[in-house]
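A.B. asks: everything below, folded, please.
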Amino acid sequence: MAPTHMVTDEWLARVQADFPYQKGQVYLQSAGAGLAFPGAAAAAGQYYVDVAALGCDAQPRWHRPVDSAKERVARLLDVPIEDVGFFRNTSEIINLVANSVQWRRGDEVIFLSDEYPCNVLPWGRAEAAGATVIPVDPGDAHQRQRRLLDALSPRTRVMSVSHVHPWTGVRVDLTALGQACRDVGAMLIVDGIQALGATPVDLSYVDVYGAGVFKWLMSGFGTAIGVFRERARLMMTPAFRSYGNPAPSTSFQYAAPNIPGLYVLDATLAYLEELGWEQIFDRVDTLGSYVLDALDERGIVAITPRDAHAGIVSIGVHDSAAVVEGLKRRGVSVSDKMGRVIVSPHFYNTTEHIDRFADALLEVLEARSRGV
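C.D. replies: Numbering: from 1, shown residues only. Here you go, the predicted structure:
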């Protein structure tokens, strides 16, 4: 990890030069897909250059970025390298867990009822095996974590949760949830796709953490990071076996990962390490707070709590699709999800981008209130 230092004007100038998004347009949906850094295209192409030149004899070359990416992930998350695996997407990781637990009648699985489908649907496997699946009412944005903690019982086998919820932007405390799960013998399974790369991640009390890399890690579709801690590997038997994890291996990576994608991930992680993770996290936090301030100044209420935000700020509006379309006509790209406007600035954004968004949002809302 890069030495600690503050975000400087030179740092910001470099980042702005590295991410020349469409001229005159503002991009604020990194929680949908992060912009690629300038070296991503060359990194992806290098795999095919290697194979074109050497075919199967290129294997030593293509294993280097795979191993390097794994080392970088382990360093970022402060976990042993053997805990890290690469998969196709976050859904695959959660499904692997759901199919690898030896379910017992009376077991319970808990999750918040408004979770993303990959944190809800896989647990049908547990229900089919006799477990009880309990969707928990999340209440309002401030109550999400407390509702999960209150739902824990001695029968809880798994708690499944998004580290950062995609539609409210709420960041939960993984340590508090993980410690509570340990107290009742449950596993904490975390969807980290809306957090990893945007905010610090502490996996001290997390059993499985899965995250695709196309959002905050800016590395495209088809690759996900799966961290299976030792406790989880001792409590489950891998549902999928192949040449990557023949018994008695406890590894969950069962076959070859997306190697061209890992060329990109390794190069992107190297770039992000050079910028400095602490600086990136500080910048995302600062920009998220700036969004909340900008909304407050214009009398617009955000759903996302100030004390539990990460990279996403959510705003409830009437006819969010029309509002987002109005913003698009004004050169501002944000997301429309679940009746909400979702804003997600990354480190490459500026406060000017956010001011432009907030001014445009106020203009659209005022126009709609006048029936224009």
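A.B. asks: do a quick rundown of the strands in the chain.
C.D. replies: Assignment of strands within the chain using DSSP state E yields the ranges 26-27, 84-87, 108-112, 132-136, 156-162, 187-191, 208-212, 224-228, 313-316, 332-333, 335-337, 340-343.
A.B. asks: and those strands as JSON lines, adding mean pLDDT and mean neighbour count?
C.D. replies: For glycine as for every other residue, the C-beta is placed from the backbone atoms N, C-alpha and C. As requested, the strands of the chain are arranged in JSON lines below (pLDDT from 0 to 100; neighbours: other CB atoms under 10 Å):
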{"stretch": "strand 26-27", "mean pLDDT": "97", "mean neighbour count": "22"}
{"stretch": "strand 84-87", "mean pLDDT": "98", "mean neighbour count": "22"}
{"stretch": "strand 108-112", "mean pLDDT": "98", "mean neighbour count": "25"}
{"stretch": "strand 132-136", "mean pLDDT": "98", "mean neighbour count": "17"}
{"stretch": "strand 156-162", "mean pLDDT": "98", "mean neighbour count": "24"}
{"stretch": "strand 187-191", "mean pLDDT": "98", "mean neighbour count": "26"}
{"stretch": "strand 208-212", "mean pLDDT": "98", "mean neighbour count": "28"}
{"stretch": "strand 224-228", "mean pLDDT": "98", "mean neighbour count": "26"}
{"stretch": "strand 313-316", "mean pLDDT": "98", "mean neighbour count": "23"}
{"stretch": "strand 332-333", "mean pLDDT": "98", "mean neighbour count": "20"}
{"stretch": "strand 335-337", "mean pLDDT": "94", "mean neighbour count": "20"}
{"stretch": "strand 340-343", "mean pLDDT": "98", "mean neighbour count": "26"}
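A.B. asks: dump the ones you listed into CSV; add distance to Tyr263 as well.
C.D. replies: Output for the strands of the chain, formatted as CSV (distance: least, CB to CB, whole Å):
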stretch, distance to Tyr263
strand 26-27, 24
strand 84-87, 12
strand 108-112, 35
strand 132-136, 39
strand 156-162, 28
strand 187-191, 25
strand 208-212, 17
strand 224-228, 15
strand 313-316, 33
strand 332-333, 28
strand 335-337, 28
strand 340-343, 30
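A.B. asks: quick check: which of the ones you listed is nearest to Glu325?
C.D. replies: strand 335-337 (8.1 Å; CB to CB).
A.B. asks: list of residues touching that closest one?
C.D. replies: Outside of strand 335-337, the residues within contact range by CB atoms under 8 Å, 6 or more residues apart in numbering are 29, 31-32, 166-167, 320-321, 323-324, 341-344.
A.B. asks: most neighbours, which of those residues?
C.D. replies: Ranked by neighbour count under the definition other CB atoms under 10 Å, those are headed by Val343 with 32 neighbours.
A.B. asks: my read: that residue touches Leu28, true?
C.D. replies: Yes: with contact defined as CB atoms under 8 Å, Val343 and Leu28 form a contacting pair (5.1 Å).
A.B. asks: what is in contact with the two at once?
C.D. replies: Listed contacts common to Val343 and Leu28 are Val334, Ile354, Phe357; contacts here mean CB under 8 Å, 6+ apart.
A.B. asks: separation between Glu10 and Leu269?
C.D. replies: If you measure Glu10 against Leu269 using CB to CB, to the nearest Å, the figure is 22 Å.
A.B. asks: and those two? Which one has more around it.
C.D. replies: When Glu10 and Leu269 are compared for neighbours, Leu269 comes out ahead with 25 against 8, by other CB under 10 Å.
A.B. asks: next up, the contacts around that one.
C.D. replies: Residues counted as contacts of Leu269 (CB under 8 Å, 6+ apart) are Ala69, Arg72, Val73, Leu76, Leu217.
A.B. asks: pick out whichever of the residues you listed sits closest to Leu174.
C.D. replies: Nearest to Leu174 among those, counting by CB to CB, is Leu76 at 15.1 Å.
A.B. asks: which residue is the nearest non-sequential neighbour of the closest one?
C.D. replies: If the residues on either side of it in the chain are set aside, Leu76 comes closest to Trp277, at 6.5 Å by CB to CB, 6 or more residues apart in numbering.
A.B. asks: just for this protein, where's the confidence low?
C.D. replies: Within the chain, the set of residues satisfying pLDDT under 70 comprises 1-5, 372.
A.B. asks: now with 90, please.
C.D. replies: Low-confidence segments of the chain, defined by pLDDT under 90: 1-7, 20, 22-24, 368-372.
A.B. asks: neighbouring contacts of the longest helix seen in it?
C.D. replies: Among the segments of the chain that qualify as a helix by DSSP state H, the longest is helix 277-297. Residues from elsewhere that reach helix 277-297 (CB under 8 Å, 6+ apart): 1-2, 4-7, 11, 76, 197-200, 216, 272, 301-302, 304, 306, 309-313, 315, 343, 345-347, 349, 351, 354-355, 357-358, 361.
A.B. asks: now list the buried members of those.
C.D. replies: 7, 11, 76, 197-199, 216, 272, 302, 304, 309-313, 315, 343, 345-347, 349, 354-355, 357-358, 361 (16 or more other CB atoms under 10 Å).
A.B. asks: now, which of the residues you listed lie within helices?
C.D. replies: Filtering the buried ones among the contacts of helix 277-297 for helices - DSSP H - leaves Trp11, Leu76, Leu272, Ile354, Asp355, Phe357, Ala358, Leu361.
A.B. asks: farthest pair in these?
C.D. replies: Of all pairs drawn from these, the greatest distance, 33.6 Å, lies between Leu76 and Leu361 (CB to CB).
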